[in-house]
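Undergrad: quick one, fold the following:
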Amino acid sequence: PKIKNLIDYSFSNIACDSMDVFLAATCKFCVATSSGFAPIPKFFGKPVLLSNCLPTAAYLELDKSDLFLPKKLLKKNINKIINFFYYFFFQINYYHSPEVYEKNKISIENNTTNELKTATNEMFEICSGKLNPNFLSKNKMFKEKLKKDLNNDFEFDLSHECFFSESLINNYI
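TA: Have a look, this model is predicted:
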């Protein structure tokens, strides 16, 4: 829909390679997926909200100025969200198409409008340096649990530098 003062750049007549680079270099932060654009703002030191993202391997490119909100994965036969630490296991972490998820009886659910709005507000807080203590506490607890769960199955440490959106955390705690 038309929204005052909002430009849907991807469908605008000004979209081009040089404008992509300009916007990536001058943005406050970038809301992106793992489809290819996200590394450009990172090259310029700009924070990224990586949303609606699969596979989760893209998460490993994020740092302490970034926020992660992947798509939800649900086991089809029971319609239950798959535990988040499974997102990092070898096969699921590298599934590359909807058909592969389908073949493995996993459905994919995009982030909701509300989840994206929440995550965008969290990014404004991250960029301003005024983080909600509850957000910080939940992230610390979630990262510690994820690290513990993953250390049981991996011989190396998976770094968790970025923040996780509360929308994601609330689905898994």
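
Undergrad: from here on, just use CA atoms for contacts and neighbour counts.
TA: Fine.

Undergrad: for the lengthiest helix in the chain, which positions count as buried?
TA: For the chain, the longest helix by residue count, based on DSSP state H, is helix 133-151. When burial is assessed from 16 or more other Cα atoms under 10 Å, helix 133-151 yields the following buried residues: 138-139, 142-143, 147, 150.

Undergrad: listing partners with orientation, what would you give for the helix or strand that it is followed by?
TA: Per DSSP states H and E, helix 133-151 leads on to strand 163-164 as the next helix or strand towards the C-terminus. Using DSSP bridges, strand 163-164 pairs in its sheet with strand 67-70 (parallel).

Undergrad: average pLDDT across the partner strand?
TA: Mean pLDDT, computed over strand 67-70, is 94.

Undergrad: likewise stretch 20-34?
TA: For stretch 20-34, mean pLDDT rounds to 92.

Undergrad: neighbouring contacts of that stretch?
TA: Applying Cα atoms under 8 Å, 6 or more residues apart in numbering, the contact partners of stretch 20-34 are 38, 40-41, 44, 46-55, 58, 120, 123, 127.

Undergrad: restricted to helices, list those residues.
TA: Going by DSSP H, the helices hold 40-41, 120, 123, 127 from the contacts of stretch 20-34.

Undergrad: those residues, buried ones only, as a PyMOL selection?
TA: Here is the PyMOL command that picks out the buried ones among the ones in helices among the contacts of stretch 20-34, judged by 16+ other Cα under 10 Å:
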select buried, resi 40+41+120+123+127
